[in-house]
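Chemist: after the sequence you'll find the predicted model.
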Protein chains: 2
Amino acid sequence: MKNKQWVLNNRPSGVPNIEEDFKINIVDTKSLDYGDVLLETQFLSLDPYMRGRMNAGPSYSDPVQIGAVMEGEVVAKVIETKSKIFNVGDMVTAKSGWQQYSTLSEKSLSKINQDKNLPITYSLGVLGMPGRTAYLGFLEVCKPKPGETIVVSAASGAVGSIVGQIAKIMGCKVIGIAGSNEKVKYCTEKLNFDLCLNYKTQDIDKELGLLGENFVNMYFDNVGGNISDAVLNHISTFSRIAVCGQIANYNAKVPPQGPRVARTLLTKQSTMQGFIVFNFEHIYVEAMEAISNWIKSGEIIYKEDVYKGFDSIPSTFMKLFEGENFGKLIVDVR
Amino acid sequence: MKNKQWVLNNRPSGVPNIEEDFKINIVDTKSLDYGDVLLETQFLSLDPYMRGRMNAGPSYSDPVQIGAVMEGEVVAKVIETKSKIFNVGDMVTAKSGWQQYSTLSEKSLSKINQDKNLPITYSLGVLGMPGRTAYLGFLEVCKPKPGETIVVSAASGAVGSIVGQIAKIMGCKVIGIAGSNEKVKYCTEKLNFDLCLNYKTQDIDKELGLLGENFVNMYFDNVGGNISDAVLNHISTFSRIAVCGQIANYNAKVPPQGPRVARTLLTKQSTMQGFIVFNFEHIYVEAMEAISNWIKSGEIIYKEDVYKGFDSIPSTFMKLFEGENFGKLIVDVR
């Protein structure tokens, strides 16, 4: 069977050039060994981290090779099987990338077992890795207490929007930081955050300073860099800083420098913890049940941006960098 | 009664000038209110933090005012009392500073209740604040497991030497970092550390790199700055960094800059926690009993440098900055 793929044709310099940096490839699907399944991609998740994978430089994951299929998580349907676990017609999530078909070992798949009344694409967002990251990072790392204040950066994003809403459910005060007035409005009006600051038009350090002294009990850090420096100036004694993402520094060519945090942590008796969601696999089921219930009760609102068409994946990807996109970006490739 | 005091006469610039920066003052002892005691100083602890208190700049404690008695913790004897808690002859620790007598409220004193067979000066070191800091910072913040590797900076110091020895007792591998060959030798030969590096003659980053990859499970940080940067390059997944002191940066005039640590903490899923010993008051008794027992069994070795004479306190203090002093610095002022 013919399989259409988007492969990396060039390493982009700065903003990707979708004509030159990506290329469609047509190949035959691979045959199945024992334990393999053949998947037909239904929906593809597009995420900012993918830009980092296009660079040659070292990161915590290997770069995509020139000529290789672009990475990405998908919802896919099993259309052929040599597995005892997966049957034809099963819906799974898989890291099969920007391609229409893929042959994968059963070991690398997750069967989708979310509530049938919710869109299946949710398993790439609020009921998938980003949702789990929000739930587990917030509860296990921030260890919230009712009445405490949390600051969350990338507040309208797939992770930040869920963190802030769970914090509200837990009785916390939530201050978001986002990058457009539309996002700010979404956070305060739709998601019910107490406040949201626009880092492009406001001085975060100054604005937080106007709210009180050392009042930030938790910081859920999705970005790093200057925004985090500003938030750290306002942490309370015994605060908890969950380091979830550092997108501000992912493209740095030399180790990024900034104000030293150790003395702040010392004088504030505070904790900064980096976490990766895969370490909490034992409580995924709990996390997904809780979030499902909150979605059904209307306590968690989740926004998707679904685009159609395999051929337009690169141009859809570019929406992530055009500033006004928000909501989880999904491509329907059926 | 006449009371002799050492007061700060000038704010030193760089290395204190003991002729110009300090001055002896003779005053009358203050009369006692209800709840007060009159103390006669027996032993004074001299510590590096005192240099910071001589500066005008902001710190986490207020500076000593010009003309005020220099700060410091002492062992003292109660010689007059209007307290129902303290009797004449009781031995206490108090933060009464560089003076022969002091009138203090009973609320600011701690009765010394250490093992009678150990020198009473130990209550200013291994059986006092530095010992508690070592025990509680190591056990409560580093959370050691047998077989793990810890790096401890200022390894021969009052805190570091105890951290390393407790780590050996707990079955950990201990790598010290110290500032002279004599200190290095003390750590490996007397304290039984597995290794000790000399940061003045060795490249810490390179030396740790020769020992393996990402093998440092715990870092007990007494200094900050470049030494910490080097250690952080070698931490393991799930490592714990206890921030106890940041002496490398205490004299900085602007917020010190350095490599950002958030991404390291993220990719290594590691935790950096600042702590101050006063938060663990509820387990002081446990800490002091454990350390007493280890001293008596010979599992913990503790070194004191005791000098005699009230008038020579400033010149004795200067030994802290002359490089080769080690062991807890104590002045016998009786």
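Modeler: Right, received. Where do you want to start? From a predicted model like this one, the values you see are computed outputs, not experimental measurements.

Chemist: switch to C-alpha atoms for all contacts and neighbour counts from now on
Modeler: OK.

Chemist: in stretch A:20-39, what counts as buried?
Modeler: Neighbour-count burial for stretch A:20-39 flags A:21-24, A:29, A:32, A:36-39 (criterion: 16 or more other CA atoms under 10 Å in any protein chain shown).

Chemist: kindly report the same for stretch A:177-186.
Modeler: A:177-181, A:183-186.

Chemist: secondary structure and distance to chain B added to these, as CSV?
Modeler: Formatted as CSV, the buried residues of stretch A:177-186 follow (DSSP: H, G, I helix; E, B strand; the rest coil; distance: CA to the nearest CA, whole Å):
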residue, secondary structure, distance to chain B
A:177, strand, 18
A:178, strand, 20
A:179, coil, 21
A:180, coil, 25
A:181, helix, 28
A:183, helix, 25
A:184, helix, 25
A:185, helix, 29
A:186, helix, 28
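
Chemist: where does chain A dip in pLDDT?
Modeler: A:57-60, A:247-253, A:323-325 (pLDDT under 70).

Chemist: ok, the residue positioned nearest the centre of it to chain B distance?
Modeler: The centre of chain A sits closest to residue A:130, judged by CA atoms, centre = their mean, with a distance of 4.6 Å. Distance of residue A:130 to chain B, given as CA to the nearest CA, to the nearest Å: 16 Å.

Chemist: just confirm that residue contacts residue A:158, I think it does.
Modeler: Yes - if you go by CA atoms under 8 Å, residue A:130 and residue A:158 touch, sitting 6.1 Å apart.

Chemist: what residues does the stretch 151-300 of chain A have near chain B?
Modeler: For the stretch 151-300 of chain A, the contact set with chain B under CA under 8 Å from any CA of the partner chain comprises A:224, A:243-246, A:255-276.

Chemist: at 7 Å instead, please
Modeler: Residues of the stretch 151-300 of chain A found near chain B, taking CA under 7 Å from any CA of the partner chain as the criterion, are A:243-244, A:246, A:255-260, A:262-263, A:265-267, A:269-276.

Chemist: now, the residues you listed that are in strands?
Modeler: Using DSSP state E, the subset of those located in strands is A:243, A:257-259, A:271-274.

Chemist: can you lay out those as a markdown table showing neighbour count?
Modeler: Formatted as a markdown table, those follow (neighbours: other CA atoms under 10 Å in any protein chain shown):
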| residue | neighbour count |
| --- | --- |
| A:243 | 30 |
| A:257 | 13 |
| A:258 | 16 |
| A:259 | 18 |
| A:271 | 28 |
| A:272 | 28 |
| A:273 | 25 |
| A:274 | 26 |
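
Chemist: in which helix or strand would I find the residue nearest to the centre of chain A?
Modeler: helix A:129-136 (DSSP states H and E).

Chemist: in chain A, which spans are helices?
Modeler: A:49-53, A:129-136, A:160-169, A:181-185, A:204-210, A:225-232, A:262-267, A:284-296, A:313-317 (DSSP state H).

Chemist: can I get those helices in TSV including distance to residue A:61?
Modeler: Converted to TSV, the helices of chain A look like this (distance: least, CA to CA, whole Å):
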stretch	distance to residue A:61
helix A:49-53	8
helix A:129-136	16
helix A:160-169	22
helix A:181-185	30
helix A:204-210	31
helix A:225-232	20
helix A:262-267	27
helix A:284-296	23
helix A:313-317	20
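
Chemist: one step back: farthest-separated two in the ones in strands among the residues of the stretch 151-300 of chain A next to chain B?
Modeler: A:257 and A:271 (20.1 Å; CA to CA).
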